[in-house]
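In: my questions concern the predicted model and sequence given below.
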Amino acid sequence: MGKIGRLQLFMLYYVHYRTVRIEMKHLLSIANLDSKEIQRLIRSAIELKRAVRRPLLEGRTLALIFEKPSLRTRVSFDVAMHQLGGHALYLSPAEVGLGEREPISDVARVLSRYVDGIVARTFSHKSVETLAQYATVPVINGLSDEEHPCQILADLLTIYEKKGSLEGLIISYVGDANNVANSLLLACSLVGIDFRIASPKGYQPSDDVLAQARKNGGQTLLTEEPDKVVQGADVVYTDVWTSMGQEAEAERRRRSFSGYQVDSRLLSLAKKDAIFMHPLPAHHGEEVAEGILDAPQSVVYDQAENRLHMQKAILVDLLKG
Ligand code: CP
Ligand code: NVA
């Protein structure tokens, strides 16, 4: 092959490689979506919920790389792939050793030769970003220290089912501004939900996340007073005070968050038809009083079920193309 031929071949390869990399869709953060895409995913999840088994991903394989424990995320992705005619492969922390046994970039490149998509649950958010940077298949964030986008997309589906719409609602979040709260705040700013949060000092949303939400046009009220945020809420949402990986801080966090428990008194300040949400697992008697998960306002098990339907919508969207 002459000089020109080699150069042309290189250019062709480079352009193809760049195009594939640029067009590859990942779901690492709610910020990867706009409001139209969120609405499309909700519509698709509703359709897939009606027609449980549709072979839309026949012959496709999904790898699940988890650095942290999981019940809902792991099982719902696995069952979702099964019901869509595909196959899921769970890789435990010990098996993969992300960044320890081998660099994350190599894990991404090797897995991309075998599977059609990767779900990763990591400690550092940078780890899912690195996976996405080197993978040539879609990467889905199954929870990182900064975000939990799949949870929040499923939650929007639950809220839509219960309330009939999203725009104009008020969600009041009480507790730690963690991964779940970050994704919720960003999602609310995109779909026109008024997001209010009560957290103690030191556990409030970061300036970056707040700035991103405000840029999207989101209404955000930030306070240290749970009573103030819950008044008039359509949805009262909480999550654990100590997330996975923060166990050494549990005692300090219990002290910092005393007074932030969602109990029947706090719930009674919300609208009469308000719903109570929690991504689970819950620490009963800490962020949520005993019995609240079974109260009439609680929709936590519908939330958990909707993880399955939303995972299917996400998988079809990212893997089918
Ligand atoms: N809500 C949620 O992501 O649950 P798991 O940690 O059990 O996956
Ligand atoms: N904030 C929690 C969510 C679990 C689904 C955690 O990261 O442990």
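Out: Arrived safely, thanks for sending. Ligands and ions are numbered 1, 2, ... in the order given.

In: what about the strands in this structure?
Out: In order along the chain, the chain carries the following strands (DSSP state E): 61-66, 87-91, 117-121, 139-141, 170-174, 194-198, 220-223, 235-238, 275-277.

In: please state the offset of the first one from the chain centre?
Out: Offset of strand 61-66 from its chain centre (Cα atoms, centre = their mean, to the nearest Å): 16 Å.

In: quick one: that strand to strand 117-121, angle?
Out: On the basis of axes from the mean of the first three to the mean of the last three Cα atoms, to 10 degrees, strand 61-66 is oriented at 10 degrees to strand 117-121.

In: save the strands of the chain as CSV, and put in mean pLDDT and mean neighbour count too.
Out: Yep, even glycine has a C-beta here, placed from its N, CA and C like the rest. Converted to CSV, the strands of the chain look like this (pLDDT from 0 to 100; neighbours: other Cβ atoms under 10 Å):
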stretch, mean pLDDT, mean neighbour count
strand 61-66, 98, 23
strand 87-91, 97, 17
strand 117-121, 98, 27
strand 139-141, 98, 28
strand 170-174, 98, 26
strand 194-198, 98, 24
strand 220-223, 94, 14
strand 235-238, 98, 27
strand 275-277, 98, 24
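
In: and of the ones you listed, who's closest to ligand 1?
Out: Ligand 1 lies closest to strand 117-121 among these, at 7.5 Å (Cβ to the nearest ligand atom).

In: can you list the neighbours in contact with that closest one?
Out: 60-68, 70, 73, 77, 98, 108, 111-112, 127-128, 131, 135, 137-144, 315, 318-319 (Cβ atoms under 8 Å, 6 or more residues apart in numbering).

In: so which of those residues are in helices?
Out: When DSSP state H defines the helices, the subset of the contacts of strand 117-121 inside them is 73, 77, 108, 111-112, 127-128, 131, 315, 318-319.

In: out of those residues, who's nearest ligand 1?
Out: Looking at these and their distance to ligand 1, the nearest is residue 73, at 3.3 Å (Cβ to the nearest ligand atom).

In: most neighbours, which of the ones in helices among the contacts of strand 117-121?
Out: Of all the ones in helices among the contacts of strand 117-121, the most densely surrounded is residue 128 (30 neighbours; neighbours counted as other Cβ atoms under 10 Å).

In: and that one, what's its pLDDT?
Out: Reading off the confidence values, residue 128 has pLDDT 98.

In: now do the same contact list for it.
Out: Contacts for residue 128 (Cβ under 8 Å, 6+ apart) come out as 28, 120, 122, 139, 141, 144.

In: same deal with residue 201?
Out: Contacts for residue 201 (Cβ under 8 Å, 6+ apart) come out as residue 224.

In: residue 72 now?
Out: The neighbourhood of residue 72, defined by Cβ under 8 Å, 6+ apart, consists of 279-280, 304, 307.

In: same thing with residue 209?
Out: By Cβ under 8 Å, 6+ apart, the contact set of residue 209 is 177, 182, 185-186.

In: which of those lies closest to ligand 1?
Out: Sorting the contacts of residue 209 by how near they are to ligand 1, with Cβ to the nearest ligand atom, puts residue 182 at the top with 14.0 Å.

In: for the closest one, give its distance to residue 252.
Out: When distances are taken as Cβ to Cβ, to the nearest Å, residue 182 and residue 252 turn out to be 21 Å apart.

In: who has more neighbours, these two?
Out: Taking residue 182 and residue 252 together and counting by other Cβ under 10 Å, residue 182 has the greater number of neighbours (28 against 13).

In: which one (most neighbours) among the contacts of residue 209?
Out: Among these, residue 182 has the most neighbours (other Cβ under 10 Å), with 28 neighbours.

In: surely that one touches residue 145?
Out: No. Under the criterion of Cβ atoms under 8 Å, residue 182 is not in contact with residue 145, lying 9.6 Å apart.

In: enumerate every residue touching residue 218.
Out: Contacts of residue 218 were listed using Cβ under 8 Å, 6+ apart, and they are 185-186, 188-190, 195.

In: can I get these in TSV with distance to ligand 1?
Out: Converted to TSV, the contacts of residue 218 look like this (distance: Cβ to the nearest ligand atom, whole Å):
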residue	distance to ligand 1
185	17
186	17
188	18
189	21
190	21
195	19
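
In: for the residues you listed, which one is nearest ligand 2?
Out: Taking Cβ to the nearest ligand atom as the measure, ligand 2 lies nearest residue 185 of the contacts of residue 218, at 13.6 Å.
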